[in-house]
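A.B. asks: Predicted coordinates and the sequence they were generated for:
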Amino acid sequence: MERTLILLKPDCVQRRLMGRIISRFEDKGLSFVGMKLMQVTPELAKQHYAEHVEKAWYPTLESFITGGPIMAAVLEGLEAITVVREMLGATSGLKAAPGTIRGDFSSSRQMNLVHGSDGPEAAEREIALYFKPEELVDHSPTIAPWLRAADE
Ligand code: CDP
Ligand code: MG
């Protein structure tokens with residue numbers, strides 16, 4: 001089992017798309033183990049996007065991500081990190097394949113609705129950035145035997 005961080009970004013919240021996006025992850029069989037609505041501060045934005053802080057476009061990204069509430073969540077499932085990234089599609093909604101979240105809902109390079117951790121190290125770091133350990137709820141969904149074989 002793997003855990004990954006997702007953020008439903010301010011465009012997703014403002015466009016009233018949270019429910020439809022959450023449904024996609026539930027439909028896939030991923031489990032939510034943490035979830036909260038919050039406001040990203042400039043300080044948190046710089047920590048989260050540390051790899052991009054020096055880029056020319058970072059100031060506009062910071063304005064965007066701090067520009068309204070976001071919903072942060074932790075998803076759990078087999079190969080959850082890769083599965084979620086594949087579900088999101090390419091960074092730009094203009095390049096993302098139809099059928100992906102960004103491909104279906106975004107026409108922007110910046111306003112691409114959902115963040116997903118891009119690897120195991122990022123997932124661990126980002127989950128710790130947004131959630132205290134006690135905010136994550138360990139549970140085994142009763143439907144689990146119908147989502148995957150016992151040896152998977
Ligand atoms: O989110 P992802 O890992 O797919 O993309 P990234 O290259 O790590 O960039 C992080 C975020 O910065 C993107 O999801 C976009 O919202 C934003 N971005 C931007 O505003 N302008 C760019 N030229 C590239 C990315
Ligand atoms: Mg990235």
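C.D. replies: Cool, the structure landed. Ligands and ions are numbered 1, 2, ... in the order given.

A.B. asks: what about the residue nearest the centre of the chain, is that helix, strand or coil?
C.D. replies: Centroid-nearest residue in the chain, with CA atoms, centre = their mean: residue 6, separated by 1.8 Å. The local conformation at residue 6, judged by DSSP: H, G, I helix; E, B strand; the rest coil, is strand.

A.B. asks: Next, find the distance separating it from residue 56.
C.D. replies: 26 Å (CB to CB, to the nearest Å). Quick note: C-beta positions are derived from backbone N, CA and C, even for glycine.

A.B. asks: And the strands in the chain?
C.D. replies: In the chain, the strands defined using DSSP state E lie at 2-8, 31-38, 70-77, 114-116.

A.B. asks: Ligand 1: which of those is closest?
C.D. replies: If you check each of the strands of the chain against ligand 1 by CB to the nearest ligand atom, strand 114-116 wins as the nearest, at 5.6 Å.

A.B. asks: roughly how far out does the closest one sit from the chain middle?
C.D. replies: Relative to the mean C-alpha coordinate of its chain, strand 114-116 is positioned 3 Å out (CA atoms, centre = their mean, to the nearest Å).

A.B. asks: swap in stretch 105-113?
C.D. replies: 14 Å.

A.B. asks: start to end distance for it?
C.D. replies: One end of stretch 105-113 to the other measures 8 Å (CA to CA, to the nearest Å).

A.B. asks: ok, residues contacting it?
C.D. replies: Contacts to stretch 105-113, defined as CB atoms under 8 Å, 6 or more residues apart in numbering, come from residues 8-9, 11-12, 15, 17, 21, 57, 60-61, 64, 88, 91-94, 96, 101-102.

A.B. asks: follow-up on the earlier one: for residue 152, find the nearest of the strands of the chain.
C.D. replies: Counting by CB to CB, residue 152 lies closest to strand 70-77 out of these; the figure is 10.8 Å.

A.B. asks: so which of the strands of the chain comes closest to residue 141?
C.D. replies: Each of the strands of the chain has some distance to residue 141 by CB to CB; the shortest is strand 31-38, at 5.6 Å.
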